[in-house]
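Student: take this sequence and fold it.
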Amino acid sequence: MKKNITIKDVAKEASVHVSTVSRALSPNARASLSIEVVERVRKIAKDMGYRPNRIASGLRTNKTMLIGIIIPDITNSLYPPIVRGVESVLEPEGYASILVDTDGDPKREEKLLEILLERGVDGIIDAAVSSHDPAAAKIADQIPVVTANRRAFGSGIPSVVNDDAGGIKAVFDLLVKNKHTEIAYIGGPRGLSTGNARNDAYLEASKIHGIDAKSENIIFSDKYSEDEGSKCADLLLERNPAITAILCANDRLAIGALESLAERGLECPKDVSITGFNDIPMSDRIPPGLTTVRVLQFDVGRIAAELLLKKISQTDLAVPETTIMPVTVIERGSVSLRV
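Tutor: Next up is the predicted model:
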């Protein structure tokens, strides 16, 4: 039977003290060592096949090296990049993650937060928070929490989000540049920070360009889905057949709006231009190619994880309450010049 490699074996091979090896392999203690020493010890430990005893380590440090990740919809392609970004930071630091899915249900989120707390996670990244989320705020009083992609207003929880307002305004500018004046809007759920920010930005952009944000041209979805997008587009076109463009608060709503046009025998962009938000996979392959706003979800997850680990290692450390990531308008075939 192969001998189990101990921390003493690694220390002997590296010609350092056992405590040096312990610090080099601990995410929370390695800052006291030089980068060269940490990298050399970690390489030797890896080459020797050393595996730390996480249970024993957890008893000593009162840490489990586990992080909870909460997402609202595991089938939504928006969230895997966030998870990958989080894990790109956690894994090198010796952390593992527990991924849970709320299915868009605030009550389920509350229950899952409690379960993660009971499991002893060292911190939580919550991408499923609502704009006012007392359950998340309660947990944040007990362990470090960072939100990703969404904000929980008034909670004091640090968040990493995309420039929702800037993205909507940039798309609105593009539509105006293409001579559109009857610009309808399918907004996101008003219980989410993404929905609130994008909805407000549409109204502000309308005001800036001197375009009347008619109530008949505005509708809010109950959730971000293709079915909601189709239903909302139907209602908008029934209210105002003169609409020439529909600005959608996310890509799934835009895909539903495209389906609504097709069912009515209308063409995009010949009859009505459509825009989305997020640049989800395949948005470039959906005829005629969806003009949308590209977000940096991997970086959202990465930065959220970096902030969380800082909060775990230094609980009283002040971090930015809101980190806003830049976005980019991606022009494709779903917007055309109005003549």
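
Student: could you use CA atoms for every contact and neighbour count after this?
Tutor: Will do.

Student: list the contacts for K231?
Tutor: 256-257, 260 (Cα atoms under 8 Å, 6 or more residues apart in numbering).

Student: now with 10 Å, please.
Tutor: Taking Cα atoms under 10 Å, 6 or more residues apart in numbering as the criterion, K231 is in contact with 221, 253, 256-257, 259-260.

Student: confidence score at it?
Tutor: If you check K231, the pLDDT there is 98.

Student: tell me which helix or strand it sits in.
Tutor: helix 226-239 (DSSP states H and E).

Student: pairing partners for whichever helix or strand comes after that helix, with directions?
Tutor: Next helix or strand after helix 226-239 toward the C-terminus (DSSP H and E): strand 245-248. Partners of strand 245-248 in the sheet, by DSSP bridges, are strand 183-187 (parallel), strand 273-275 (parallel).

Student: from those strands, which stretch is densest packed?
Tutor: Comparing these by mean neighbour count (mean count of other Cα atoms under 10 Å), strand 273-275 ranks first with a mean of 30.

Student: so for that one, mean pLDDT?
Tutor: 98.

Student: and the next helix or strand past the helix or strand of the chain with the lowest mean pLDDT?
Tutor: Sorting the helices and strands of the chain by mean pLDDT, DSSP states H and E puts helix 54-61 at the bottom, at a mean of 52. Using DSSP H and E, the helix or strand that directly follows helix 54-61 along the chain is strand 66-71.

Student: report the angle between the next helix or strand after that next one and strand 66-71.
Tutor: Where DSSP H and E defines the elements, the next helix or strand beyond strand 66-71 is helix 80-90. Counting by axes from the mean of the first three to the mean of the last three Cα atoms, to 10 degrees, helix 80-90 points 170 degrees away from the direction of strand 66-71.

Student: who does helix 80-90 touch, helix- and strand-wise?
Tutor: strand 66-71, strand 96-101, strand 145-148, helix 297-313 (3 or more Cα pairs under 10 Å, 6 or more residues apart in numbering; DSSP states H and E).

Student: now with 7 Å, please.
Tutor: helix 297-313 (3 or more Cα pairs under 7 Å, 6 or more residues apart in numbering; DSSP states H and E).

Student: tell me which residues of the helix it packs on are tucked away?
Tutor: For helix 297-313, a neighbour-count test (16 or more other Cα atoms under 10 Å) marks 297-312 as buried.

Student: that helix vs strand 66-71, what angle?
Tutor: Using the same axes, to 10 degrees: helix 297-313 against strand 66-71 is 140 degrees.

Student: show me where pLDDT drops low in the stretch 51-200 of the chain?
Tutor: Residue ranges of the stretch 51-200 of the chain with pLDDT under 70: 53-62.

Student: D222 contacts P189, correct?
Tutor: Yes: when contacts are counted by Cα atoms under 7 Å, D222 is listed as touching P189 (5.2 Å).

Student: same drill for these two, tell me which one is more crowded.
Tutor: Neighbours were counted for D222 and for P189 using other Cα atoms under 10 Å; P189 has more, 18 against 14.
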